[in-house]
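Visitor: Could you work out the structure for the sequence below:
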Amino acid sequence: MVLPMKQVLRKGLKDIVVDEVPDPVLMPGHVLVRPLYSLISSGTETASIHQDSVLKEVADNPSHVRLVWDVMKAAGPLRTLAEVRAKFTEYAVLGYSGAGVVAAKDSRVEDLELGTRVAYGGEGTGHGETILVGRNLVAKVPAEVPFEHACFATLGSIAMNAVRTADIGLGDVVAVIGLGLVGQLVAQLVKLQGSVVMAIDLKSDRVELARQLGADHSLGGESLRAQVGTITGGRGADCVIVAAASKSPAPAQQALEICRDRGRIVIVGAVGLEFPWNEMYLKEIQLFMSRAYGPGSYDPAYEKQGQDYPFAYVRWTENRNMQEFLRLLSAGRISLAPLITHQYPLAEAAQAYQTILDPASGSLAVLLRYPAADQKDPTQSFTPRFRVDSAVPVEAARGELQVALVGAGNLARWHHLPNLKKIPKVRLRAVHSASGARGKSYARRFGADYCCSDYGEILKDAAVDVVLIATRNPQHGAQALAALAAGKHVFVEKPMALTLAECREICAAVARTGKQLTVGFNRRFAPFYREQKKHLARRAGPAVVTCRINSPGISGSYWMADPASGGAILGEACHFVDLMYWLLDSEPVSVSAYSLPAGQKDPIGENNMVACFRFADGSIGNLTYATAGSKTSGGERVEVFAQGLGVFTEDFKRLGVRTGARSDRSSIWGDKGYAQQLAAFIASIREGRLGEVTARDGARATIGCLAMLESARTLAPAAIDLEAALEPGSTA
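Guide: Numbers count the residues shown, from 1 in each chain. The predicted model follows:
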């Protein structure tokens with residue numbers, strides 16, 4: 001019997017559990033690793049374990065109160081309370097440093113073979129029996145290096161990047177403040193640079209350990225400035241590397257005290273940064289921040305998509321730092337055995353974390369040992385399991401529709417899943433997520449029969465009647481087509497598709513299978529928008545529509561901002577192409593659009609656009625979509641003018657009607673129509689009638705947005721002909 005993988009998870013705010021989750025699915029440019037050992041990062045990982053009471057946490061971090069208040073203003077008190085309560089039970093992944101063997105690899109990874117000994121890193125990889133990791137975060141382990149030491153590669157590269165950032169050399173006097181695990185590694189690497197090492201910590205045993213591992217001077221206690229002055233002839237340290245973890249600014253201020261004029265301070269630990277301006281100015285101190293493992297850190301193109309930086313221009317990337325650290329280990333230049341204080345089997349991970357959190361334990365490096373360490377060939381018995389059933393599966397009631405969620409994101413947790421629970425004779429059958437931990441967390445919370453990491457598990461499940469797709473935009477089209485082909489009804493979040501070809505395929509698949517497909521155009525179901533449409537139905541002639549949307553959150557490195565993934569126009573402005581059509585009951589026939597200059601990183605020009613639409617009934621509509629605004633600017637305002645009539649809605653919270661008289665209504669918490677749309681879709685399936693939003697509506701919105709982008713690119717009007725565009729073989 002193949003058992004699911006086990007993973008270390010934080011449950012709620014402080015509990016550590018080892019639970020079964022689905023194995024990850026191999027992705028392009030990635031490998032699957034079967035770990036033998038992993039290293040717990042005592043600073044980073046325990047920082048997310050909140051041992052104090054909730055009241056104390058809030059008192060120490062008053063920004064949490066502000067965050068909850070802002071969320072409550074948007075979502076309302078009941079939904080916000082539900083999410084706050086969920087924080088006490090949901091799962092989070094811990095860990096990012098380990099070593100094992102390659103168990104599976106994508107065909108594009110040509111320099112690794114199955115069974116290759118590797119160290120791995122990367123935020124979110126975690127402590128688990130199967131790890132999915134991008135090629136640039138995997139480094140080959142030399143034969144002389146045991147797995148117990150190879151699992152230090154990530155922490156070692158963090159220390160190495162700090163030393164590189166310090167730019168030290170022969171004869172430099174370098175103070176290392178904070179002799180935890182990273183600090184001890186920093187001290188050894190500084191010694192290898194030919195510098196004089198002054199090791200500093202409040203704990204005398206750690207100072208002594210650093211001295212045994214090669215530090216030239218071990219310092220502690222009071223009068224630190226005087227001790228450093230004696231060693232340096234009164235000049236102070238050339239460089240101070242702060243590897244401490246403290247909310248207090250004391251370590252950073254201590255670094256300033258002992259640093260010489262025009263010296264350097266490098267921050268690698270999480271410490272408060274408050275410096276006396278006068279002393280920083282008089283000493284003309286250079287302050288550097290060392291970010292993670294080195295160049296490539298937090299860059300999705302490097303870590304996820306495998307785009308390496310040119311060797312000639314970026315000599316030391318995070319992967320090359322990992323490789324170099326492993327080389328130093330193989331050459332015996334770094335000593336790790338004295339740093340390893342505890343080792344636990346994976347099943348006892350909770351005790352391992354308790355040991356780290358207990359000051360009396362004297363822990364430093366704490367390792368987790370995996371069952372694969374006891375196997376002669378960990379890859380031979382590797383059979384991934386992509387589905388994990390709930391402890392107590394529930395049999396569906398007669399006539400009950402069963403829904404599978406695909407994509408465990410915020411929209412699903414805040415809206416779709418809570419709304420689903422309120423619909424009679426509908427239940428959540430399954431949750432699919434690329435993250436096993438998140439899928440398991442959602443399945444537990446909302447009562448699903450199982451969670452899975454492979455979409456194929458959903459498609460082959462005959463019990464699933466409806467697939468609710470809430471994944472990232474580029475996945476919508478293919479996943480919707482696969483679900484239709486498998487005989488499922490589909491609720492797909494907007495946009496339905498990103499290309500004209502996908503629109504044609506989906507519309508054809510709906511007609512061929514007879515299954516229903518709806519698109520998440522929730523504004524059609526929002527109360528204030530429905531009232532706006534009701535007033536417009538009485539107009540006698542063409543209308544003028546203006547939609548103004550300010551979305552500053554869709555910017556920078558946020559995935560939805562990337563034009564390659566549809567950007568803000570295909571991903572969000574599609575709402576308003578559909579909304580204008582729906583309000584007017586008239587097809588768009590052409591559009592002229594202009595954007596900010598393309599090719600800029602931020603603000604992204606293609607995401608900031610003004611477009612003027614012409615409709616078949618003579619109406620005109622203006623769509624202004626901006627991501628370059630501020631969060632304090634207005635959000636969403638849609639205003640329509642017809643003969644003797646003006647109607648506007650704003651942020652789902654205000655409705656204004658202007659005829660011979662003025663009428664205004666408002667709501668504290670806006671109703672965005674999510675619940676009503678989901679309920680209406682389920683009802684249309686039960687009653688065997690066409691839903692209010694169809695695949696044709698999804699295609700219209702995508703085609704309209706593609707026309708906007710084309711017009712902005714060519715600086716010429718673009719025609720929109722839905723019938724011609726959806727005709728098989730058409731080039732429209």
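
Visitor: Secondary structure class of M560, three-state.
Guide: At M560 the chain is in helix, as set by DSSP: H, G, I helix; E, B strand; the rest coil.

Visitor: What's the per-residue pLDDT of it here?
Guide: What the model reports for M560 is a pLDDT of 88.

Visitor: do the one 5 residues further on as well
Guide: Model confidence at S565, expressed as pLDDT, equals 85.

Visitor: Repeat that for the one 10 residues further on.
Guide: We note a pLDDT of 97 for H575 in this prediction.

Visitor: Pretty sure it sits in a helix.
Guide: Yes - the assignment for H575 (three-state DSSP) places it in a helix.

Visitor: Surely it and A526 touch.
Guide: No - H575 is not in contact with A526 according to C-beta atoms under 8 Å; the separation is 10.8 Å. Every residue, glycine included, has its C-beta placed from N, CA and C.

Visitor: quick one, which of those two is more surrounded?
Guide: H575 (23 against 20; other C-beta atoms under 10 Å).

Visitor: Quick check: that one vs H149, distance?
Guide: Using C-beta to C-beta, to the nearest Å, H575 is found at 53 Å from H149.

Visitor: How about Q402?
Guide: From Q402 over to H149 (counting by C-beta to C-beta), the distance is 49 Å.

Visitor: where's the closest residue to A337 other than its chain neighbours, which helix or strand?
Guide: Sequence neighbours aside, H149 is the residue nearest to A337 in space, at 7.8 Å (criterion: C-beta to C-beta, 6 or more residues apart in numbering). For H149, the host element (DSSP states H and E) is helix 147-150.

Visitor: Check which residues of the helix or strand that that helix is followed by are buried.
Guide: Where DSSP H and E defines the elements, the next helix or strand beyond helix 147-150 is helix 153-166. Within helix 153-166, the residues that count as buried by 16 or more other C-beta atoms under 10 Å are 153-166.

Visitor: Next: stretch 652-670.
Guide: Quick answer for stretch 652-670 (16+ other C-beta under 10 Å): 652-653, 655-658, 669-670.

Visitor: farthest pair in these?
Guide: The span of the buried residues of stretch 652-670, defined through C-beta to C-beta, is set by R658 and W669 at 24.7 Å.

Visitor: re earlier: and the gap between the residue nearest to A337 and P378?
Guide: Taking C-beta to C-beta, one finds H149 at 18 Å from P378.

Visitor: out of the two, which sits in the more crowded spot?
Guide: A side-by-side neighbour count of H149 and P378, using other C-beta under 10 Å, places H149 first with 26 against 22.

Visitor: who are the neighbours in contact with that one?
Guide: Contact analysis of H149 by C-beta atoms under 8 Å, 6 or more residues apart in numbering lists 329, 336-337.

Visitor: the bottom helix or strand of the chain by mean pLDDT?
Guide: Ranking every helix and strand in the chain by mean pLDDT, DSSP states H and E puts helix 54-60 at the bottom, with a mean of 50.

Visitor: Tally up the residues packed near D216, please.
Guide: Neighbour tally, D216, other C-beta under 10 Å: 17.

Visitor: That one reaches V190, doesn't it?
Guide: No - D216 is not in contact with V190 according to C-beta under 8 Å; the separation is 9.8 Å.

Visitor: Now do the helices in the stretch 1-150 of the chain.
Guide: Residue ranges of the helices in the stretch 1-150 of the chain, as given by DSSP state H, counting those that start in this stretch, are 42-46, 54-60, 63-75, 77-86, 147-150.

Visitor: Worst mean pLDDT among these?
Guide: Looking at the helices of the stretch 1-150 of the chain, the bottom one is helix 54-60 with a mean of 50.

Visitor: can you pull the buried residues of the helix or strand where Q227 lies?
Guide: Using DSSP H and E, Q227 falls within helix 224-232. Neighbour-count burial for helix 224-232, counted by 16+ other C-beta under 10 Å, picks out 224, 227-228, 231-232.

Visitor: now do stretch 256-263
Guide: Buried residues in stretch 256-263 (16+ other C-beta under 10 Å): 256, 258-260, 263.

Visitor: so which two of those residues are the farthest from each other?
Guide: Counting by C-beta to C-beta, the most remote pair of the buried residues of stretch 256-263 is L256 and R260, 10.8 Å apart.

Visitor: residues shared between the contacts of those two?
Guide: K283.

Visitor: which of the contacts of H149 count as buried?
Guide: The buried subset of the contacts of H149 (16+ other C-beta under 10 Å) comprises 329, 336.

Visitor: Which one of the contacts of H149 is nearest to A593?
Guide: Closest to A593, out of all of these and judged by C-beta to C-beta, is L329, at 57.2 Å.

Visitor: isn't that closest one right up against C151?
Guide: No - with contact defined as C-beta under 8 Å, L329 does not reach C151; the gap is 10.9 Å.

Visitor: Surely A153 touches F325?
Guide: Yes - with contact defined as C-beta under 8 Å, A153 and F325 form a contacting pair (5.5 Å).

Visitor: Start and end of stretch 337-347, how far apart?
Guide: End-to-end distance for stretch 337-347: 23 Å, by C-alpha to C-alpha, to the nearest Å.

Visitor: in which helix or strand would I find I334?
Guide: For I334, there is no host helix or strand (DSSP H and E).

Visitor: From A626, how far out is it?
Guide: I334 is 52 Å from A626, by C-beta to C-beta.

Visitor: Show me which of those two is the more surrounded one.
Guide: Using other C-beta under 10 Å, the more surrounded residue of I334 and A626 is I334, with 24 against 19.

Visitor: Report the contact partners of the more buried one.
Guide: By C-beta under 8 Å, 6+ apart, the neighbours of I334 are 156, 185, 188-189, 192, 325, 328.

Visitor: let's see 6 Å
Guide: Shown in contact with I334 (C-beta atoms under 6 Å, 6 or more residues apart in numbering): 188, 328.

Visitor: gap between the helix holding Q227 and the chain center?
Guide: Offset of helix 224-232 from its chain centre (C-alpha atoms, centre = their mean, to the nearest Å): 46 Å.

Visitor: pull the CA atoms of it into CSV?
Guide: Provided in CSV are the C-alpha atoms of helix 224-232 (Å, rounded to 0.1, in the frame of the first residue of the first chain):
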residue,chain,number,x,y,z
LEU,A,224,32.3,45.8,24.5
ARG,A,225,33.6,49.0,23.0
ALA,A,226,36.6,49.0,25.3
GLN,A,227,37.4,45.3,24.4
VAL,A,228,37.2,46.0,20.7
GLY,A,229,39.3,49.2,21.2
THR,A,230,42.0,47.2,22.9
ILE,A,231,42.1,44.7,20.1
THR,A,232,42.1,47.3,17.3
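
Visitor: strand partners of the helix or strand just after that helix, parallel vs antiparallel please.
Guide: Scanning forward in sequence from helix 224-232 by DSSP H and E, the next helix or strand is strand 237-242. Applying DSSP bridges, strand 237-242 is found paired with strand 173-177 (parallel), strand 259-267 (parallel).

Visitor: Relative to L13, which of the ones you listed is closest?
Guide: Taking those one by one with C-beta to C-beta, strand 259-267 is closest: 27.0 Å.

Visitor: now the closest one and helix 224-232, what's the angle there?
Guide: 110 degrees (axes from the mean of the first three to the mean of the last three C-alpha atoms, to 10 degrees).

Visitor: contacts for strand 259-267?
Guide: 162, 165-166, 235-242, 255, 283-290.

Visitor: Drop anything exposed from those.
Guide: 162, 165-166, 236-242, 255, 283, 285, 288, 290.

Visitor: pLDDT on stretch 265-272, on average?
Guide: The model assigns stretch 265-272 a mean pLDDT of 93.

Visitor: Report the buried residues of it.
Guide: 265-269, 271.

Visitor: Same check on stretch 576-592?
Guide: 576-584, 586, 588, 591-592.

Visitor: one step back: intersection of neighbour lists for D216 and V190?
Guide: V197.
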